[in-house]
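Student: Below are the sequence and a predicted model; questions follow.
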Amino acid sequence: MTSSLCFGKVQTMVTTTKAIVKADFKPETVELIKRTVATGTTNDEFEMFLYQARKSGLDPLSKQIYIIKRKIRVKDYDKTKGTWVEKYIEKATIQASIDGLRVIAQRSGDYAGQEEPKFEEDAQGNPIKCTVVLYKFDKKGSRYQAAVGVAYWKEYVPSDDRQAFMWKKMPHQMLAKVAESIALRKAFPQDLYGLYAQEEEEVVQEEINSPVVEEPETIEEPSVAKEEAIKPEEPKSEGVKEQPPQVETKPEEEEVPEKPISFGQKVLLQQFAKRGKVDLTDEQIEKLNFENARSLIAEIK
């Protein structure tokens with residue numbers, strides 16, 4: 001079934017099956033999204049965002065899905081200093097609103113609602129833990145418990161006070177959204193794979209952080225004694241004063257680290273693996289470097 005959805009003056013074509021909805025944005029819609037929703041993104045980041053929006057069938061202009069640029073701390077090898085240094089770089093993350101996740105679940109036709117969130121609180125009434133139970137319909141139309149989402153306050157409240165404003169203002173509601181998001185992904189893994197709600201920001205930021213690369217081992221320079229033992233003795237000439245042996249030392253070669261796999265490459269390969277186009281686990285994908293990942297993606301395409 002094909003339907004036409006109108007968002008203000010912007011029209012988007014959506015092709016619908018029971019559980020899968022793929023949006024095909026018109027060129028003018030793509031330009032509008034680039035100017036408004038995805039400002040500051042690179043071409044690759046924007047293409048990844050459009051890919052996820054088309055795949056999920058969510059509308060960026062209705063804020064069902066959006067892309068956020070964050071500054072994260074990574075380690076980089078400084079050739080001039082010959083050591084690892086910490087620096088901040090910008091990385092893009094794609095997130096869905098809790099309403100966007102609900103839309104995908106409802107669209108499947110199998111979603112059968114959920115129970116009210118249940119909280120565990122401390123003596124002051126502050127939430128410590130939230131549990132959400134979610135239900136689906138089986139093929140016979142019977143309602144059954146499909147998933148349980150559990151979220152702990154200390155694991156999701158933002159460490160930055162500037163980002164924790166809403167968590168302090170509405171703590172129960174924010175934690176309930178996280179628990180519901182977890183339950184929805186458990187119940188609909190194929191449709192919601194890789195989509196996180198904004199309230200899960202702390203976990204999303206942790207997942208996109210580049211791994212800390214160990215400092216390379218220093219190569220021991222050969223000592224003078226070892227050089228003298230290896231160097232053959234030259235014949236001595238009478239009347240000529242013996243000169244001390246000249247030790248030739250080679251400059252230590254700098255070990256340049258391999259560029260790690262990018263966020264976009266990782267997401268794309270995970271999607272390929274999910275569809276059976278490549279036989280790799282998430283752990284194996286994480287270990288790929290940038291060049292290997294690029295070659296593999298080009299081969300698959």
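Tutor: Received, thanks.
Student: got the contact list for Lys180?
Tutor: Actually, residue 180 is Glu. It isn't Lys. Ile98, Leu101, Gln114, Pro117, Val132, Leu134, Gly149 (Cβ atoms under 8 Å, 6 or more residues apart in numbering). Placement of C-beta: from N, CA and C, glycine included.
Student: Surely the fourth one is in contact with Ala179?
Tutor: If I follow you right, that is Pro117. Yes: applying Cβ atoms under 8 Å, one finds Pro117 in contact with Ala179, separated by 6.2 Å.
Student: intersection of neighbour lists for the two?
Tutor: What both Pro117 and Ala179 touch, as defined by Cβ under 8 Å, 6+ apart, is the set Cys130, Thr131, Val132.
Student: The longest helix anywhere in the chain - what's its average pLDDT?
Tutor: Using DSSP state H, we find that the single longest helix of the chain is helix 171-187. If you average the pLDDT over helix 171-187, you get 95.
Student: buried sites along it?
Tutor: Neighbour-count burial for helix 171-187, counted by 16 or more other Cβ atoms under 10 Å, picks out 171, 174-185, 187.
Student: can you check stretch 141-150 too?
Tutor: Buried residues in stretch 141-150, defined by neighbour count with 16+ other Cβ under 10 Å: Ala146, Ala147, Val148, Gly149.
Student: contact partners of that stretch?
Tutor: Against stretch 141-150 from outside (Cβ under 8 Å, 6+ apart): 112, 129-138, 178-184, 186-187.
Student: Next: stretch 292-301.
Tutor: Contacts for stretch 292-301 (Cβ under 8 Å, 6+ apart): Ile261, Ser262, Gln265, Lys266, Leu268, Leu269, Phe272, Lys277, Val278, Ile285, Leu288.
Student: so where's this structure uncertain?
Tutor: Judged by pLDDT under 70, the chain has its weakly predicted residues at 1-23, 201-258, 301.
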